[in-house]
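Novice: coords please:
(2 chains)
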There are 2 protein chains.
Amino acid sequence: MSSTNHQVRLAARPSGLPKLSDWSFTEEATPAAGAGELVVDVSYLSLDPAMRGWMNAGASYIDPVEVGDVMRAGAIGRVSASEHPGFAVGDHVYGAFGVQEHAVSNGSEVFKVDPSLAPLPTYLGALGMTGMTAYFGLFDTGKLQEGDTVVVSGAGGAVGSIAGQIAKIKGCRVIGLAGGEEKCSWVVDDLGFDASIDYKTEDVRRALREHAPQGVDVYFDNVGGEILDAVLTRLARGARIVICGAVSQYNATEGVRGPSNYLALLVARASMTGMVVFDHAAGFGKAAAEIAGWMSEGRLISREHVLDGGVSAFPEALMKLFTGENIGKLVLRVGD
Amino acid sequence: MSSTNHQVRLAARPSGLPKLSDWSFTEEATPAAGAGELVVDVSYLSLDPAMRGWMNAGASYIDPVEVGDVMRAGAIGRVSASEHPGFAVGDHVYGAFGVQEHAVSNGSEVFKVDPSLAPLPTYLGALGMTGMTAYFGLFDTGKLQEGDTVVVSGAGGAVGSIAGQIAKIKGCRVIGLAGGEEKCSWVVDDLGFDASIDYKTEDVRRALREHAPQGVDVYFDNVGGEILDAVLTRLARGARIVICGAVSQYNATEGVRGPSNYLALLVARASMTGMVVFDHAAGFGKAAAEIAGWMSEGRLISREHVLDGGVSAFPEALMKLFTGENIGKLVLRVGD
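Specialist: The predicted structure follows:
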């Protein structure tokens, strides 16, 4: 265990895209485990578009990160000291350990993971919150049915790539929206989507007309903005829109763009429903087991895009989510 | 039966508020009833904000009225001639007879009404599509529960005034949004709403904070626009927004205003769902009987705002819906 704990803290609430000056870099002595506590050496940090929202003040589905606090992040690590009866040194665990090298925890909402079943970063991808978000977004919020036409935005990203694959496994027609040829080819050629649309070069409405001639039954939305408005024009009767995120809007400085085609909900008798993965914690075990089964059968791929550089690389790594540079789940390696 | 049938036809598709020149006034010989047909002398026309949508080209939940056609309108009338086995001369009926004095019909989607049970205009109000919209919007789309905090916009209008009363009967706390003191007083003093907010003079967000301190469980939206955005800031966890209409947007010439606070759906795990009353036709009989029961018990008031002037007054009458001059259900008297 290193004796120094490097950390990244929120230094200021960003306006628009986070700047380097919105972060501070601190170091502390690595904490010791008190009674009932464990210390975790962080191995991999999860990078999520939702982090941008946590940096804002105000009520949301989770408390904001306060200025001066270590930035919140989901992470996989290894227990290096434990005074907690449920965890032993050497256990691999998932928890919200934050952007730091070592974290002390009381074990609440910390879950053991098994590195013999999957590489550690996969527990931030298909077998982690990413997979859970896709799974419960589709089934619980999206009420996915076999035969549905499903559109997924951010299809080359973490949640979108898993959501589309699950919909395929469930016998749906799946169309992925992504930016750039590489992601668009990947979701069709490697993930088995029926079609992809490159929103950077294609007319999305026209492409949706072509690929979803009967309309869209489920839209799994990770991006918001113009793409949400385009999909609204192609809803099938009774369509379900899952509002999982809106990465196109998180850095907006002039207010969020509302979906001006929302009256399509009336025309199509459709719904638009927000979801937050944490609500489904009771079902995570079963869902992860099902996803693991699909992975072992070769029917579902979890791709992680692993960056190096440790915690000091976090600010730059986060930006890749907003420039769309990642393919699959973006992860920052902090330790081994 | 008069031998001349005066009609109002769509002459041009309006941009923004309909102008007089968007209408043409025609007269024809009153039709005769062919085999299987009936002729109806129109008594009262229903005036509905949705009519503005029917005047636009393009796909919607119902075919547009074509330029040159008699304007579509729900109406109550009296059968003046019948070659249809299901209808006799003298029967009072509801149907989409259009803005004209006499209509010929094959009897499809024509329903008998009983003038001994309620005044004829009430069959366009609480006992007609107005009441059905409120009823199915609340129960089916809004999944109303006893104890919910319910916000209704257009509360002084046809559907809103009925929706709020039904929610009160079902044990909910009801807050009405309306324009002007007269409507705001009416919904509280006469209809029994718990509170009203005058959107023309009050800060809607602040007033909602005061009147719905625990948040809004069901929002029955007839107006869209700024008010929808304001209510989105006050959603309770699991809230249901019923998109029934958007009268503030129907005459927009620069595009509909999308709800920029729609990400509140995610924060609140809330839904926004469109509804169209015609989908619920199988349940109309039971719903109308229930509403009639509440009326006979004095628990629900159907107020109709009846205009005179015959079909030629239709263009001006329609405008009253967009200037908000009506209280309750706006109806145009055409005959007796």
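
Novice: which bits of chain A sit near chain B?
Specialist: Within chain A, the positions lying close to chain B (C-beta under 8 Å from any C-beta of the partner chain) are A:59-61, A:224, A:229, A:243-246, A:249, A:255-276, A:279. In this view, the C-beta of every residue, glycine as well, is placed from N, C-alpha and C.

Novice: show me those that map onto helices.
Specialist: Under the assignment DSSP state H, those contribute A:229, A:264, A:265, A:266, A:267 to helices.

Novice: residue contacts, residue A:33?
Specialist: Residues in contact with residue A:33, defined by C-beta atoms under 8 Å, 6 or more residues apart in numbering or on different chains, are A:39, A:81, A:82, A:83, A:84, A:104.

Novice: still on that earlier bit, and which of the ones in helices among the residues of chain A next to chain B is nearest residue A:307?
Specialist: Closest approach to residue A:307 among these (C-beta to C-beta): residue A:229, at 32.5 Å.

Novice: ok, that closest one touching residue A:260?
Specialist: Yes - using C-beta atoms under 8 Å, residue A:229 is in contact with residue A:260, at 6.0 Å.

Novice: what about chain A, any weak spots by pLDDT?
Specialist: Counting by pLDDT under 70, the ranges of chain A that qualify are A:1-2.

Novice: grab the most central residue of it for me.
Specialist: Most central in chain A under C-alpha atoms, centre = their mean is residue A:130, positioned 4.6 Å from the mean C-alpha point.

Novice: quick one: it from chain B, how far?
Specialist: Separation of residue A:130 from chain B (C-beta to the nearest C-beta, to the nearest Å) stands at 17 Å.

Novice: returning to that earlier point: which neighbours do residue A:229 and residue A:260 share?
Specialist: Listed as contacting both residue A:229 and residue A:260 by C-beta under 8 Å, 6+ apart are residue B:258.

Novice: confirm residue A:24 sits in a strand?
Specialist: Yes - counting by DSSP: H, G, I helix; E, B strand; the rest coil, residue A:24 is found in a strand.

Novice: ok, back up a step: just to be sure, the residue nearest to the centre of chain A is in a helix?
Specialist: Yes - Residue A:130: assigned to a helix according to three-state DSSP.

Novice: can you lay out the ones in helices among the residues of chain A next to chain B as a markdown table showing neighbour count?
Specialist: As requested, those are exported to a markdown table (neighbours: other C-beta atoms under 10 Å in any protein chain shown):
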| residue | neighbour count |
| --- | --- |
| A:229 | 19 |
| A:264 | 23 |
| A:265 | 23 |
| A:266 | 23 |
| A:267 | 21 |
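
Novice: how about the residue of chain A most remote from its centre: what's its closest non-neighbour residue?
Specialist: Distance to the chain centre peaks in chain A at residue A:35, reaching 33.3 Å (criterion: C-alpha atoms, centre = their mean). Nearest residue to residue A:35 in three dimensions, chain neighbours excluded: residue A:83, at 5.3 Å (C-beta to C-beta, 6 or more residues apart in numbering or on different chains).

Novice: the one you found: neighbour count?
Specialist: A count of neighbours around residue A:83, defined by other C-beta atoms under 10 Å in any protein chain shown, yields 14.

Novice: what's near enough to touch it?
Specialist: Counting by C-beta under 8 Å, 6+ apart, residue A:83 makes contact with A:33, A:34, A:35, A:36, A:37, A:38.

Novice: can you list contacts of stretch A:236-245?
Specialist: If you take C-beta under 8 Å, 6+ apart as the criterion, stretch A:236-245 is touched by A:49-50, A:133, A:137-138, A:141-143, A:149, A:154, A:159, A:214-224, A:228, A:231-232, A:235, A:265, A:268-275, B:262-263, B:265-266.

Novice: out of those, which are inside strands?
Specialist: Taking DSSP state E as the definition of strands, the contacts of stretch A:236-245 contribute A:149, A:216, A:217, A:218, A:219, A:220, A:221, A:235, A:271, A:272, A:273, A:274.

Novice: which residue ranges of the stretch 151-300 of chain A form strands?
Specialist: Using DSSP state E, counting those that start in this stretch, the strands found in the stretch 151-300 of chain A span residues A:173-178, A:195-198, A:216-221, A:235-243, A:271-274.

Novice: dump these to JSON lines, plus mean neighbour count.
Specialist: JSON lines is the format used below for the strands of the stretch 151-300 of chain A (neighbours: other C-beta under 10 Å):
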{"stretch": "strand A:173-178", "mean neighbour count": "28"}
{"stretch": "strand A:195-198", "mean neighbour count": "22"}
{"stretch": "strand A:216-221", "mean neighbour count": "28"}
{"stretch": "strand A:235-243", "mean neighbour count": "23"}
{"stretch": "strand A:271-274", "mean neighbour count": "25"}
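
Novice: can you add distance to residue B:115 and give these back as a markdown table?
Specialist: What follows is the strands of the stretch 151-300 of chain A, written out as a markdown table (distance: least, C-beta to C-beta, whole Å):
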| stretch | distance to residue B:115 |
| --- | --- |
| strand A:173-178 | 53 |
| strand A:195-198 | 57 |
| strand A:216-221 | 45 |
| strand A:235-243 | 37 |
| strand A:271-274 | 39 |
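
Novice: which among these is found nearest to residue A:72?
Specialist: Smallest distance to residue A:72 across the strands of the stretch 151-300 of chain A (C-beta to C-beta): 20.0 Å, for strand A:271-274.

Novice: do a quick rundown of the helices in the stretch 51-200 of chain A.
Specialist: Counting by DSSP state H, counting those that start in this stretch, the segments of the stretch 51-200 of chain A that form helices are A:129-136, A:158-169, A:181-189.

Novice: so which of the ones you listed is nearest residue B:196?
Specialist: Of the helices of the stretch 51-200 of chain A, nearest to residue B:196 by C-beta to C-beta is helix A:129-136, at 39.0 Å.

Novice: give me the contact list for that closest one.
Specialist: Helix A:129-136 has contacts (C-beta under 8 Å, 6+ apart) with A:46, A:48, A:74, A:124-125, A:158-160, A:162-163, A:166, A:220, A:244, A:275, A:277, A:279-280, A:283-284, A:287-288, A:290-291, A:302, A:329.

Novice: and the angle for that helix with strand A:149-153?
Specialist: Angle of helix A:129-136 versus strand A:149-153, following axes from the mean of the first three to the mean of the last three C-alpha atoms, to 10 degrees, is 150 degrees.

Novice: please name the residues that touch the closest residue to residue A:141 other than its chain neighbours.
Specialist: For residue A:141, ignoring the flanking residues on the chain, the nearest one in space by C-beta to C-beta, 6+ apart is residue A:275 at 4.2 Å. Counting by C-beta under 8 Å, 6+ apart, residue A:275 touches A:133, A:136, A:137, A:140, A:141, A:242, A:243, A:244, B:266, B:269.

Novice: just the buried ones among those, please.
Specialist: Buried members of the contacts of residue A:275, scored by 16 or more other C-beta atoms under 10 Å in any protein chain shown, are A:133, A:136, A:137, A:140, A:141, A:242, A:243, A:244, B:266, B:269.

Novice: need those residues in JSON lines (columns: distance to residue B:14).
Specialist: Listed next are the buried ones among the contacts of residue A:275 as JSON lines, based on distance: C-beta to C-beta, whole Å:
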{"residue": "A:133", "distance to residue B:14": "45"}
{"residue": "A:136", "distance to residue B:14": "45"}
{"residue": "A:137", "distance to residue B:14": "41"}
{"residue": "A:140", "distance to residue B:14": "43"}
{"residue": "A:141", "distance to residue B:14": "38"}
{"residue": "A:242", "distance to residue B:14": "36"}
{"residue": "A:243", "distance to residue B:14": "33"}
{"residue": "A:244", "distance to residue B:14": "39"}
{"residue": "B:266", "distance to residue B:14": "36"}
{"residue": "B:269", "distance to residue B:14": "39"}
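
Novice: can you give me the distance of the residue nearest to residue A:119 when sequence neighbours are not counted to chain B?
Specialist: Closest residue to residue A:119 apart from its sequence neighbours, by C-beta to C-beta, 6+ apart: residue A:304 at 7.7 Å. When distance is defined by C-beta to the nearest C-beta, residue A:304 is 25 Å away from chain B.
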